[in-house]
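>>> Show me the folded form of this:
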Amino acid sequence: MNFQGVSDKAGRPGNNLLRHLSEGDYALIASDIEITWLAPDEILYNPGDQVEAVYFPCENSVACFVLAMDDGRELQVELIGREGALGGVVSGGRLPAFSRMTVRFGGPFARLPAARLEAARNKSPALANIFDRYADCLLAQILQGSACNAAHSIEQRAAKWILTTMGRTQRDVVPLSHEQLSTMLGVGRSYASRVIIGFRAQGILETRRMEFRVLDEASLRTKACTCDETVRSHFAELLPGVYPMSEVRSAS
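Purely as a prediction, here's the structure:
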């Protein structure tokens, strides 16, 4: 199936996990994949919803897991871009979602019924192994994120999130508001704003309405922790070439 505008020369959607499948394994699910264009903040699943489809972010689309805390705050747990998928990857679907899954940066998503993915897993041990490996990588992302929140400063984590977002969107203009960044960091908006003001004063970035433009990526990397590189290394060992590399394009 050819997905015009979001496919490679072989006709596969722009999702690295799908492109990692062998030709034969991809053929098991190709006819059941459809491309849907989703807007920022569109909700894929709410807690308790039955997970009936797997969503694969394509190209520069990004989704995330969001958890609501008992004090009313909402915390973003992890960004998922073209390296992965959301919904039914581990459980096989048809089970209630634990967190809210929402679109962070809109664009194309490949949608596959969870039942069809499960049927393909049963037919092909190789395909099942790849998704098992991705589940391990996703767990590593979440574990590393938990450790990062406990061990690293707001400045380190802010720099990491901005760089991670750049890697997913492949742009030096990051479509994030101060409020969205504070949700990623799990802190109040004033704390996130203070860090951004500091980065701006050092010439690392400039702020625009609802976005940041990174002016000095090298300096930003010196501010960041190495958690994203740790996750990248784990992906490289289990699923070589799947985790997004730094392919940032200037928007100027």
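>>> Quick one: name whatever helix or strand follows the host helix or strand of residue 168.
According to DSSP states H and E, residue 168 maps onto helix 154-169. Proceeding N to C from helix 154-169, the next assigned helix or strand is strand 173-174, under DSSP H and E.
>>> Report the angle between whatever helix or strand comes next after that following strand and helix 154-169.
Later in the chain than strand 173-174, the nearest helix or strand by DSSP H and E is helix 178-185. Helix 178-185 and helix 154-169 are oriented at 100 degrees to each other (axes from the mean of the first three to the mean of the last three CA atoms, to 10 degrees).
>>> list the helices and strands the next helix or strand after helix 178-185 packs on?
Downstream of helix 178-185, the next assigned helix or strand under DSSP H and E is helix 189-201. Other helices and strands packing on helix 189-201, by 3 or more CB pairs under 8 Å, 6 or more residues apart in numbering; DSSP states H and E, are helix 154-169, helix 178-185, strand 205-208. All C-beta atoms are positioned from the backbone trio N, CA, C, and that covers glycine.
>>> Mean confidence (pLDDT) on the longest one, please.
So the one you mean is helix 154-169. Mean per-residue pLDDT for helix 154-169: 92.
>>> can you give me the strands in the stretch 1-150 of the chain?
If DSSP state E, counting those that start in this stretch is used as the criterion, the strands of the stretch 1-150 of the chain fall at 34-38, 43-45, 53-57, 62-68, 74-80, 100-105, 107-113.
>>> out of those strands, deepest packed?
Each of those was scored by mean neighbour count; the highest is strand 53-57, a mean of 26, by mean count of other CB atoms under 10 Å.
>>> Residue 157 versus residue 195, what's the distance?
To residue 157, residue 195 is 9 Å away according to CB to CB, to the nearest Å.
>>> Which residues lie in contact with the closest residue to residue 120 other than its chain neighbours in this structure?
In this structure, residue 120 finds its nearest non-sequential neighbour in residue 28, 4.0 Å apart by CB to CB, 6 or more residues apart in numbering. Residues near residue 28 by CB atoms under 8 Å, 6 or more residues apart in numbering: 119, 120, 123, 124, 127.
>>> show me what contacts the third one?
Under the criterion of CB under 8 Å, 6+ apart, the contact list for residue 123 reads residue 28.
>>> ok so, going back, check the contacts of residue 28 for burial and list the buried ones.
Buried members of the contacts of residue 28, counted by 16 or more other CB atoms under 10 Å: 120, 124, 127.
>>> out of those residues, which are inside helices?
Using DSSP state H, the subset of the buried ones among the contacts of residue 28 located in helices is 120, 127.
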